[in-house]
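>>> can't give you the sequence, but here's the structure:
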C-alpha cells in the first residue's frame, strides 16, 4: 500500500494527505460535538394522565421538553407571553409528538397580575398538577424593569417563578407525588445575593444581574425542598448546558459575533432538555429534593448556592416583594 502511495504523482499525494487530514479533523470535531451534548435520559418512563406545566414551552429546551413529555403521555400546558407564538408552538408540539393533549395558556412572568390570572385560569381547568417546570427566562438584558418595578432578570427568572410556584402549591400537593423543576445555569457561579441592592439600582451589570437571578433559582429550589419535606412534592434545580437557543437574543452584536463560531459546540435544544426531562419523570428521583443537577447527574453548586441562611432571607424577601401573603 505504501509503495503504491509513494509511486503516485507528488501533487496527487499532497491532495490525498490534505484530504485525509480534513477527514480526521471533521471526525474529531464530530466526536467533540457529540461529547459536548452531555448526558441523555434514555429511559422509556411513561407519565400517562399526569398534568404538566412548562413555562417558556414555546421555544428552545422548553418546547423540546413539551414534545418529549407529550410523547410520554402527559397532559401538557405550555405557558408563554406571546399569544401567536404560543398557539403556533402548541400546534407544532401536537404534530411532532402525535398527542392532542397539548394546551396553551398565556403567561407573562414579568407581571404579577398575569401570573395571578394564569393561576386562576389553571385552577378552573385542573384540580391537580403533577409536574411544574420553571423553564422560561431572559439573559443578559439591558437594564430594565418589570411591570411591577423589579429588575427584569430577577423579576422574570426568579420572582415570577417564585410566585407562580406558590400559587400552584395546593394543586401540586393534591397530586403528590409531584415535582417542581427549576432551570438555573452554571452562571449562578458569578452571582451573589446583594441584600442591600437586590434590584441592582446602585450599579447594574447585565451578567451579574443574570448570575444573581440564576443563583436565586437554586436557592429557591433548595428552600422549597425543605419547606415541602414530607408533602410528597420535590423541588430540584439544574444547569441545562450551553444551548443554541433564542436565549442569546439580547446579546450585543460584538458578543454574538464572538459566540457564532462556537455554536457548533453548543448543545442542541433536544440535548439541553435532557436534564429537566430526567428531573421531571425519572422514578429514581421520587424522594430526591433540594438538589442541583447538570448533564443528568447530581452536581455540587457554588458555596453561595448552598447558603441556607441566604436561601431563607431570599424566600422571605420574595414573599414580601410578591405580596404572597395577600394573594
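Sure, I can see it. Predicted, not measured: the structure shown is a model, and the values here were computed from it. Numbering: from 1, shown residues only.
>>> Now do the same contact list for residue 198.
Shown in contact with residue 198 (CB atoms under 8 Å, 6 or more residues apart in numbering): 151, 154, 212, 317. All C-beta atoms are positioned from the backbone trio N, CA, C, and that covers glycine.
>>> What sits closest to the third one if chain neighbours are left out?
Think residue 212. Once flanking residues are discounted, residue 212 sits nearest to residue 191: 4.1 Å by CB to CB, 6 or more residues apart in numbering.
>>> So that neighbour is in contact with residue 211, correct?
Yes: counting by CB atoms under 8 Å, residue 191 does reach residue 211; the two are 2.9 Å apart.
>>> List phi and psi for residue 133.
phi -110, psi 110 (degrees, to the nearest 10).
>>> wait, it sits on residue 276?
Yes: taking contacts as CB under 8 Å, residue 133 lies within contact range of residue 276: 5.9 Å.
>>> Residue 290 in helix, strand or coil?
Of the three states, residue 290 takes coil under DSSP: H, G, I helix; E, B strand; the rest coil.
>>> ok, now the one 3 residues further on?
Classification of residue 293 using three-state DSSP returns strand.
>>> Can you name the residues bridging to it?
Taking DSSP bridges as the rule, residue 293 bridges to residue 238, residue 298.
>>> what's it in contact with, if anything?
Residue 293 makes contact with 236, 237, 238, 239, 275, 278, 279, 299 under the criterion CB under 8 Å, 6+ apart.
>>> again, but for residue 77
Residue 77 makes contact with 51, 52, 53, 54, 57, 103, 104, 105, 122, according to CB under 8 Å, 6+ apart.
>>> Could you identify the helix or strand that succeeds the helix or strand harbouring it?
Here residue 77, judged by DSSP states H and E, is contained in strand 75-80. Where DSSP H and E defines the elements, the next helix or strand beyond strand 75-80 is helix 83-97.
>>> Check which residues of that next one are buried.
Buried residues in helix 83-97, counted by 16 or more other CB atoms under 10 Å: 86, 89, 90, 93, 94, 96, 97.
>>> Can you give the distance from it to the centre of its chain?
19 Å (CA atoms, centre = their mean, to the nearest Å).
>>> Which secondary structure elements does it sit against?
The helices and strands touching helix 83-97, judged by 3 or more CB pairs under 8 Å, 6 or more residues apart in numbering; DSSP states H and E, are helix 60-71, strand 75-80, strand 102-106.
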